[in-house]
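> The following comprises the amino acid sequence and a computationally predicted model.
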Amino acid sequence: MNTLLQRLYFCLIGLFLSLPIIVVAGVSVNEKQTLAFPPQGFSLGWYGEIFANVEWRNALFASITLAALSAAVALLIALPLAWFLWRRDAPWASIFQLLGIAPFTLPPVITALGLLTFWATTGFYGQPATAVISHAIFFVTLPLVTLSLGFSSIDRSLVEAAATMGADDRTIFRTVVLPLILPYLISGYAFAFVLSLNEYIVAYMTIGFTMETLPIKIFNALRYGYTPTMASVTILFVAIAAVIFGLVARFGDLPKLLGAMSSRD
Amino acid sequence: MRREAPQKLSDYGPLVFPAGMLIVFFVVPFATMIAVSFFKRDPAGFYSADFVFDNYARFLSLFFGKVLGFSLFLAIAVAICCVVLAVPFTYLLSRAGRRAQVLWLVALLSVLSLSEVIIGFAWSTLFSRTAGITNILAALGILKEAVALNPSFGAVLTAMVYQALPYTVLVLYPALVRLDPTLTEAARTLGASPVKAFFTVVVPALRNTIVATLIMVFIFALGSYLLPQILGRPQHWTLSVLITDQAIYQSNMPFAAAMAVFLVLVTLGLVALTVYAGRKGEAA
């Protein structure tokens, strides 16, 4: 009886989480250009439209480029910082960890507005590079958290052994530390990539008028009426996120990455 | 290897790039925003440097008071709904098998990463007359005919709970996974039903975690920007919407900045409260 109740509860939550996706998936295979569910006819044409229509294709390309570059910059900020905090005893340096987490903790409109005033004041407003840096700063929290977790899981005696054998910091980092934190590095990148792909307000306020990312394109399309391509893009993005997190789970320890202790397994 | 204090100047090497980036692109913009909030709006250009309190004074009006009040009320409602739904769910999830846990975590992360635009679009479809859930109710004969459920407060609330629920579960997850299972086993051995054990043992043991989660979800919901616009009426717009509106469409950066600074102060106050609740939890 009790497990039945439990299953029912899981099903209800699952239904709540998947209902919008199911309906949008249904709408996305509609044959005609109308908003209808259950779908009338079946067509994958709206998926082709993402690549065939130059506007949607550009937006898709802009989003993927932005996500790939900004996640890379976020990693370049997070990795040396996490390494320094783990390697060196300098308590004041953790202020930078706090600075790395702050943009993600505050309501996003604040980071977005701060960056907008900054880019406008310095005269860089509207250039694509500003969006890359803005997203990198906004999402640096994710690799920072996974990498801090990764470093804390390293057995220091391993590094000690390497040092005793005469390896310098650089060699230790390359041969011992890097292989051990590689999964955390990859998952940190994956998290930042997926969230950047879907981010709206920071991108909108930094480059919204000169470049359209997919979320911006969807929102603009939403204002001027409905097009089924919105539904197919939505499903494409859910699928990308699910595949990336699925891969992280397949090759890494997802419960541990999300804060569970591994000893329970 | 023990952590050593930096000795040579070159030991600081790894810190240069991260510190530089965070200072130039986070601290400086933040400071710029605070400075701009005291500037004067320049109708011809952008703004002119000044030191006035007009921007702050301006939102001490009934209109902005109402917007702020509504934003806070909406965020509180979302936080309560999410925590009530997520605590039992996360508890059951943390007791489930590893495979099931991983599957749910992937699903939750996927929903969490969904753009607010996409969530707004999905729910506006679900609440629409032509493709919405009321069609199902009509087909079942519960309703006479399909109706549109948005724009409405309920639509905004539902979509925001949808957006924040995965976040809530992931915030609760570490604490619940680490909760000592012998606690509930003891209660069960003494004859408590699972539901009773949950409410008399698990919930009190997690009181501080729950309070901290409520505050974190509240802050998360406070940042919601598109859902009130897509699914609500103008009276359902939040402070985030007004900030963006002032900054982009009214070109009144000083006023937008003043509102943002105010929002930061509210948020920081709540973060301080979270830390305080956490400290008390450790002491108890």
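On my side now, so go ahead.
> switch to C-alpha atoms for all contacts and neighbour counts from now on
Will do.
> ok, and the spatially closest residue to residue A:99 that is not a sequence neighbour, which helix or strand is that part of?
Distances taken as CA to CA, 6 or more residues apart in numbering or on different chains place residue B:22 nearest to residue A:99, at 6.7 Å, with adjacent residues excluded. Element membership for residue B:22 (DSSP states H and E) is helix B:13-22.
> Which elements pack onto that helix?
helix A:54-87, helix A:94-105 (3 or more CA pairs under 8 Å, 6 or more residues apart in numbering or on different chains; DSSP states H and E).
> mean pLDDT lowest for which of those?
Set side by side, these give their lowest mean pLDDT on helix A:94-105, at a mean of 89.
> Low-confidence stretches in chain A?
Scanning chain A with the threshold set as pLDDT under 70 gives A:1-2, A:37, A:260-265.
> Sketch out the strands for it, chain order is fine.
All residues of chain A lie outside strands when identified by DSSP state E.
> What are the boundaries of the helices in it?
Remark: helices assigned in chain A by DSSP state H are A:2-28, A:45-52, A:54-87, A:94-105, A:108-122, A:128-139, A:141-152, A:156-164, A:169-172, A:178-198, A:201-207, A:214-223, A:229-251, A:254-257.
> List the buried residues of the helix holding residue B:22.
B:14-15, B:18-19, B:21-22 (16 or more other CA atoms under 10 Å in any protein chain shown).
> any idea which helix or strand comes after that helix?
By DSSP H and E, the next helix or strand past helix B:13-22 is helix B:28-36.
> who's in contact with that next one?
With contact meaning CA atoms under 8 Å, 6 or more residues apart in numbering or on different chains, helix B:28-36 is reached by A:111, A:113-115, A:117-118, B:47, B:49, B:253-254, B:257-258, B:261.
> Are any of those residues buried, and if so which?
A:111, A:113-115, A:117-118, B:47, B:253-254, B:257-258, B:261.
> which one among those residues gets closest to residue A:189?
residue A:111 (20.5 Å; CA to CA).
> So that closest one sits against residue A:103, correct?
Yes. Counting by CA atoms under 8 Å, residue A:111 touches residue A:103, with 5.9 Å between them.
> follow-up on the earlier one: highest average neighbour count across the helices and strands packed on helix B:13-22?
Compared across the helices and strands packed on helix B:13-22, helix A:54-87 shows the largest average neighbour count, a mean of 21 (mean count of other CA atoms under 10 Å in any protein chain shown).
> which helices and strands does that one pack with?
Counting by 3+ CA pairs under 8 Å, 6+ apart, helix A:54-87 packs on helix A:45-52, helix A:94-105, helix A:128-139, helix A:141-152, helix A:178-198, helix A:214-223, helix B:13-22.
> Tell me which of those lies nearest to residue B:188.
Closest among the helices and strands packed on helix A:54-87, using CA to CA: helix A:141-152, at 34.9 Å.
> Pull the residues that contact the closest one.
Residues outside helix A:141-152 that contact it (CA under 8 Å, 6+ apart): A:74-75, A:78-79, A:81-83, A:86, A:97, A:100-101, A:103-104, A:180-181, A:184-185, A:187-189, A:191-192, A:257.
> can you check stretch A:118-134 too?
In contact with stretch A:118-134 (CA under 8 Å, 6+ apart) are residues A:66-67, A:69-70, A:73, A:112, A:115-116, A:202-203, A:206-211, B:25, B:28-29, B:32-33.
> Would you show me how to pick out the buried ones of the residues you listed in PyMOL?
Command for PyMOL that selects the buried part of these, burial taken from 16+ other CA under 10 Å:
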select buried, (chain A and resi 66+67+69+70+73+112+115+116+202+203+206+207+208+211) or (chain B and resi 25+29+32+33)
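> hmm, back to that, which one of the helices and strands packed on helix A:54-87 is the most hemmed in?
It is helix A:128-139: most buried of the helices and strands packed on helix A:54-87 by mean count of other CA under 10 Å, with a mean of 24.
> mind exporting that one as CSV, just the C-alpha atoms?
Output in CSV follows, covering the C-alpha atoms of helix A:128-139 (Å, rounded to 0.1, in the frame of the first residue of the first chain):
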residue,chain,number,x,y,z
PRO,A,128,29.2,39.5,-29.7
ALA,A,129,32.3,39.1,-27.5
THR,A,130,30.5,40.9,-24.7
ALA,A,131,27.9,38.1,-24.6
VAL,A,132,30.7,35.5,-24.3
ILE,A,133,32.3,37.2,-21.4
SER,A,134,28.9,38.0,-19.8
HIS,A,135,27.8,34.4,-19.9
ALA,A,136,31.3,33.2,-18.7
ILE,A,137,31.0,35.4,-15.6
PHE,A,138,27.4,34.4,-15.1
PHE,A,139,28.0,30.7,-15.3
